[in-house]
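# Take this sequence and fold it.
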Amino acid sequence: MTSILSVIAAIALIGLAALPFSLAINGFLSVVLITVMVLVKVLGGRERWRIFFVLVGLFLVTRYLIWRTTQTIPLDADWGTFIPGVLLYGAEVYTIIMLLIGFFAVARPCRWPTPPLPDDPEQYPTVDVFVPSYNEDRALLLTTLTACQQMRYPRSKLRVYLLDDGGTDEKCHAADPEAAAAARARRAELQAMAQELGCGYITRTRNERAKAGNLNNAFWQTGGDLVAVFDADHVPSAAFLEYTVGHFLTDPNLFLVQTPHFFLNSDPQERNLGSFARQNSEHEMFYNTVQPGLDNWNATFFCGSAAVLSRAALKEAGGFSGKSITEDCETALDLHAMGYTSRYVSTPLIAGLQPETLKTFLTQRTRWAQGMAQIFIFNNPLLKRGLSLAQRLCYMSSMIFWLFPFARLIMVLAPLIFLFTGAKIYVAGVDEFIVHTLPALAAVLMISHYLYGAYRPPLVSELYEFIQCTYLARALVQVILHPKAPKFTVTPKGESMDTSHLSPAAAPLLGLNALMVVGFVVAVGRLIEQPDLRDVYAIVSTWNLINLLIGLAALGVLLERPQRRKMPRTAVNRPAILLNADTEVAGHVVDASATGARIFVADPVAVSIISPGDLIRLAPTTYGAPQSDAGEPDSVAFEVIGVHTRNGGTDIRGRYVPRTLAEERVMVDIVYSDHRPWIAATRERRETSSFLAGFGRFVRLSLAATAFFIRWTLSSRRQDDSTPTRARQRRQEGFVDGG
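Numbers count the residues shown, from 1 in each chain. Purely as a prediction, here's the structure:
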């Protein structure tokens with residue numbers, strides 16, 4: 001019913017926007033509606049006025065689209081002008097369609113309460129935990145498997161499996177003797193580790209259908225009521241099953257409970273621009289705004305990890321879908337079409353790792369883009385039976401979103417075509433532009449900031465799109481021409497870099513930046529030479545200047561910064577005890593990683609008790625800590641690296657020195673058992689500034705990135721960057737820390 005009302009409202013909106021008003025009336029109407037939007041944003045309650053605010057903005061956008069379609073396309077021009085004009089129009093139409101569907105998808109986000117589990121543990125459903133692996137190292141897998149086993153759930157109801165696709169029979173008998181030997185060694189090592197942990201180890205004969213094939217191979221060999229899936233680098237908190245399993249007991253038709261992907265480390269853009277500590281990551285908008293919105297329409301989809309699925313539903317569907325290289329979304333699409341329901345739990349319950357380099361980041365996004373394109377080709381939601389209208393629109397939004405590289409490239413090149421050739425690919429007078437285009441643009445920016453502003457500052461999305469556009473455009477053309485050609489690729493994680501260097505993916509983006517700089521110079525000349533067209537050139541020059549601002553910010557991303565810490569640290573806030581011989585010192589674990597921790601001790605006497613080089617014991621005392629047979633917290637050997645006095649207490653830094661599996665469990669418990677710091681980290685980075693303040697911050701970031709890139713380029717000509725001077729190191733740190 002809601003979908004039908006939404007369609008009726010959309011039709012009424014289009015009809016009203018199509019009414020022929022004079023330019024003066026349209027101008028007056030624009031001022032009134034923009035003023036109304038400003039007042040609603042400043043004075044109105046966000047939820048109460050949400051739909052009204054969006055509809056007012058969409059009226060302005062719809063009116064612009066009608067005017068743009070009927071009045072501005074260069075139909076009588078030569079091919080050299082007509083084709084770019086149509087391409088620009090197509091890019092705008094695509095952008096507006098994405099906005100309309102996107103606003104529909106997130107109109108009313110859904111938030112589910114956590115259903116309690118039964119008092120009697122015997123009534124709990126059994127859970128099989130799948131951890132698929134391909135080339136991850138033992139330490140990473142040990143951490144994830146240990147955390148899976150430490151989830152709070154009856155031991156008799158929980159079974160954890162390592163799904164090893166790196167040790168298949170096919171790999172163990174490969175033609176290359178070195179590769180075969182490595183696969184056999186990996187298989188033996190991981191089998192022994194799984195046995196020691198008490199996990200199941202499953203491999204298969206051949207590496208067919210990538211991750212989907214690996215999951216299905218295990219699926220048909222196990223029998224739990226529910227299946228939880230975690231990527232090898234996605235470590236669950238102790239409470240993961242407490243937040244998710246209960247939903248299946250309240251809805252027998254439920255096939256999926258998906259949770260957010262929270263990441264401990266920054267992606268390449270965040271690391272190279274130093275923005276990770278100050279603003280939410282790119283994925284936060286998807287997991288905190290888009291997925292809750294999709295959930296309202298029963299369209300939340302499986303994201304490949306951090307999810308629980310119903311075995312009965314999967315069995316009816318024939319297992320995980322594997323025709324595309326994004327088996328997660330494809331599986332959800334099939335099950336939604338079969339009438340099953342899904343839910344989204346917005347609490348971050350796993351901590352994972354993002355790609356560290358721009359190259360691996362683009363590799364990951366290529367897989368997502370090509371996989372979504374494959375689903376659209378092979379399993380088009382518009383044509384698929386069983387889906388509601390809302391589900392079709394939501395899935396379409398998620399799929400055609402990945403066409404953004406083409407639209408972004410056109411938006412970058414369009415003003416340059418006019419500046420370089422004078423071709424009028426957008427037929428409109430300055431007064432028409434002011435009356436129609438500027439209000440629509442303002443409405444789009446205001447709605448975006450209203451709906452997504454808490455997780456996405458101005459121009460940050462455009463920066464991500466600019467960085468990806470040239471790389472993904474080629475990848476999408478490949479999948480359009482050869483839909484079955486793309487292969488599943490595993491994204492490397494846990495990399496480290498010792499020196500600054502220009503990313504191998506930089507060349508095409510540097511080329512676009514050079515074109516925009518030349519365009520800026522040409523624009524200045526045109527403004528001087530053709531005073532009668534200054535208004536037009538001023539508008540086009542501003543367009544190019546905003547593109548250039550984004551491109552210059554990208555320079556800071558293309559220059560990869562050193563990253564010597566392989567495993568990121570995260571805030572913890574866990575009470576703990578330090579044991580040195582017969583002496584106990586109470587403290588708090590302030591932050592920790594998979595390799596070490598920092599403990600704050602309020603008692604300054606600790607300085608005289610604990611010294612650098614000491615090998616002591618670290619024992620967490622609350623929240624999920626594994627207990628020994630004596631009922632006391634277990635501990636891990638801890639080598640002290642540094643002891644520093646601050647704020648009337650003592651900071652003690654060190655690294656774990658585990659000797660037993662029990663100590664490994666304590667390490668995992670310290671870092672990953674409590675998900676509450678992950679919630680706090682997301683909230684702390686939430687955007688609170690206005691649009692103008694956020695825009696100003698982006699301008700400063702762009703200028704700082706440009707200056708740093710120029711300094712690095714000049715200095716790299718004079719000396720080897722692998723041995724930077726202390727002054728340059730300070731400049732690096734100042735840029736990264738201060739943005």
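# Would you quantify the distance from A107 to W297?
9 Å (CB to CB, to the nearest Å). Where you see a C-beta, it was placed from the backbone N, CA and C, and this is true even at glycine.
# element containing the nearest residue to T69 once chain neighbours are set aside?
Distance criterion CB to CB, 6 or more residues apart in numbering; nearest residue to T69, sequence neighbours excluded, is Y89 at 7.6 Å. Per DSSP states H and E, Y89 falls inside helix 79-105.
# That helix packs against which elements?
Applying 3 or more CB pairs under 8 Å, 6 or more residues apart in numbering; DSSP states H and E, we find helix 79-105 packed against helix 50-71, helix 389-400, helix 404-421, helix 438-452.
# I'd like those as a markdown table, with mean pLDDT appended.
Formatted as a markdown table, these follow (pLDDT from 0 to 100):
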| stretch | mean pLDDT |
| --- | --- |
| helix 50-71 | 88 |
| helix 389-400 | 94 |
| helix 404-421 | 95 |
| helix 438-452 | 89 |
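# would Y464 count as being in a strand?
No. Y464 is assigned helix when assessed by DSSP: H, G, I helix; E, B strand; the rest coil, not a strand.
# OK, contacts around A442?
I34, L60 (CB atoms under 8 Å, 6 or more residues apart in numbering).
# wait, doesn't L387 sit right on M338?
No. Between L387 and M338 there is no contact under CB atoms under 8 Å: 9.9 Å.
# returning to that earlier point: so between A107 and W297, which is more surrounded?
W297 (24 against 17; other CB atoms under 10 Å).
# Excluding chain neighbours, give the residue nearest to the more buried one in space.
Closest to W297 by CB to CB, 6+ apart is A390, at 3.9 Å.
# Equivalent analysis for T331, please.
Nearest one to T331, counting by CB to CB, 6+ apart, is S321 at 4.5 Å.
# Just the element for the one you found, please.
Counting by DSSP H and E, S321 is part of no helix or strand.
# Count residues in the vicinity of it, would you?
25.
# Could you list which residues are in contact with it?
A212, E327, E330, T331, L333, D334.
# Quick check: which of the residues you listed has the minimum pLDDT.
Lowest pLDDT of the contacts of S321: E327, 90.
# What sits closest to T470 if chain neighbours are left out?
Closest to T470 by CB to CB, 6+ apart is P508, at 3.9 Å.
# Secondary structure of that neighbour: a helix, I assume?
Yes. According to three-state DSSP, P508 belongs to a helix.
# what number of residues lie near it?
Going by other CB under 10 Å, the residues that sit close to P508 add up to 14.
# Relative to Q468, how far out is it?
Counting by CB to CB, the gap from P508 to Q468 is 11 Å.
# Same question for E330.
22 Å.
# again, but for V430
34 Å.
# cool, D119 as well?
Taken as CB to CB, the span from D119 to Q468 is 50 Å.
# who's more crowded, those two?
Q468 (23 against 6).
# Counting by contacts, list what whichever helix or strand T146 is part of packs against.
Following DSSP H and E, one finds T146 within helix 138-149. Under the contact criterion of 3+ CB pairs under 8 Å, 6+ apart, helix 138-149 touches strand 127-133, strand 158-164, helix 177-197, strand 235-236, helix 661-672.
# about what we covered before: so between L387 and M338, which is more surrounded?
For the pair L387 and M338, the greater number of neighbours falls to L387 (21 against 14), based on other CB under 10 Å.
# need the contact list for the residue nearest to the spatial centre of the chain.
With distances taken as CA atoms, centre = their mean, the residue of the chain nearest its centroid is H283 (2.4 Å). Under the criterion of CB under 8 Å, 6+ apart, the contact list for H283 reads H261, F263.
# Could you check the pLDDT of it?
84.
# Please, which helix or strand holds it?
Using DSSP H and E, H283 falls in helix 282-285.
# where does the protein dip in pLDDT?
1-15, 17-18, 44-47, 490-498, 563-566, 606-607, 622-633, 717-739 (pLDDT under 70).
# if we go to 50?
The chain contains residues with pLDDT under 50 at 2-3, 625-632, 721-739.
# What residue spans form the domains of it?
2-107+403-560, 125-354, 570-677 (automatic domain parsing).
# looking at those, which is buried most?
Each of the domains of the chain was scored by mean neighbour count; the highest is domain 125-354, a mean of 20, by mean count of other CB atoms under 10 Å.
# Quick one: end-to-end length of that domain, please.
32 Å (CA to CA, to the nearest Å).
# got it, and stretch 338-354?
End to end - CA to CA - stretch 338-354 spans 33 Å.
# One more: stretch 444-459?
OK, stretch 444-459 end separation, CA to CA: 13 Å.
# where's Q221 relative to A571, distance?
Following CB to CB, the distance that separates Q221 from A571 is 40 Å.
# Ok, A523 next?
For A523 relative to A571 (CB to CB), the value is 47 Å.
# same thing with N280?
15 Å.
# so A506 makes contact with V557?
No. If you go by CB under 8 Å, A506 and V557 don't touch, sitting 9.2 Å apart.
# List the residues that are in contact with both of the two.
Common neighbours of A506 and V557 (CB under 8 Å, 6+ apart) are L358.
# quick one on the thing from earlier: in JSON lines, list the helices and strands packed on helix 138-149 along with distance to L58.
JSON lines is the format used below for these (distance: least, CB to CB, whole Å):
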{"stretch": "strand 127-133", "distance to L58": "42"}
{"stretch": "strand 158-164", "distance to L58": "46"}
{"stretch": "helix 177-197", "distance to L58": "53"}
{"stretch": "strand 235-236", "distance to L58": "40"}
{"stretch": "helix 661-672", "distance to L58": "43"}
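# hmm, back to that, now, the most widely separated pair of the contacts of S321?
A212 and L333 (13.3 Å; CB to CB).
# Would you agree H588 is in contact with I577?
No. Contact criterion CB under 8 Å: H588 and I577 do not qualify, at 10.6 Å.
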